[in-house]
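Undergrad: for reference, the sequence and a predicted model appear below.
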Amino acid sequence: MSDHPDLTRNQSLVLGALARADGPRSAYELLDDLRDDGLRAPLQVYRALDKLLELRLAHRLESLNAFVACGEPHVHEEGGIAAFAICEKCGRVEEFCDDAVCGRLGAIAHETGFRPRRTTIEIRGLCRTCAEAG
């Protein structure tokens, strides 16, 4: 379970399951993972995920319709950018942050008067291990 003081029991359970997962998890996979802990309804998981997303403790990978625990919670502030490299072969997901990319996207938003709430960049391809395996 998480040590985050603002989380409910369900939110802590979901965050813990995401942190332990070996890859992105869908809401229904999380529900299956947490049935023995008392979570029985999809709504319980979705509500917990909504709060974790709001607190920037988790991310939704749009292309996979799945969630991951945030690897850099101190980096993502209001309008912050989360970037992920997703291997299409093994499913590995790496979160990364690039100051130049973040700076340029922030500058574009500022120049156009746009106020981003959340930005997620997903790069899909092959991780080094899968690329080298051929």
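TA: In hand now; what should we look at? Numbering: from 1, shown residues only.

Undergrad: where does the prediction get shaky in this structure?
TA: Filtered on pLDDT under 70, the chain yields the residue ranges 1-3, 73-80.

Undergrad: name the residue closest to the centre of it, please.
TA: By C-alpha atoms, centre = their mean, the chain has its centre lying nearest to residue 59, at 2.0 Å.

Undergrad: can you give me the helices in this protein?
TA: 9-20, 27-34, 42-54, 99-112, 128-133 (DSSP state H).

Undergrad: for residue 89, which of those is the nearest?
TA: Within these, the stretch nearest residue 89 is helix 128-133; the backing value is 4.1 Å (C-beta to C-beta). (Each C-beta comes from the backbone N, C-alpha and C, glycine too.)

Undergrad: render the CA-only coordinates of the closest one in PDB, please.
TA: Output in PDB follows, covering the C-alpha atoms of helix 128-133 (Å, rounded to 0.1, in the frame of the first residue of the first chain):
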ATOM      1  CA  ARG A 128      16.300  -2.200 -27.000                       C
ATOM      2  CA  THR A 129      16.000  -5.900 -26.000                       C
ATOM      3  CA  CYS A 130      13.300  -6.700 -28.500                       C
ATOM      4  CA  ALA A 131      15.000  -4.700 -31.300                       C
ATOM      5  CA  GLU A 132      18.300  -6.500 -30.700                       C
ATOM      6  CA  ALA A 133      16.500  -9.900 -30.700                       C
END
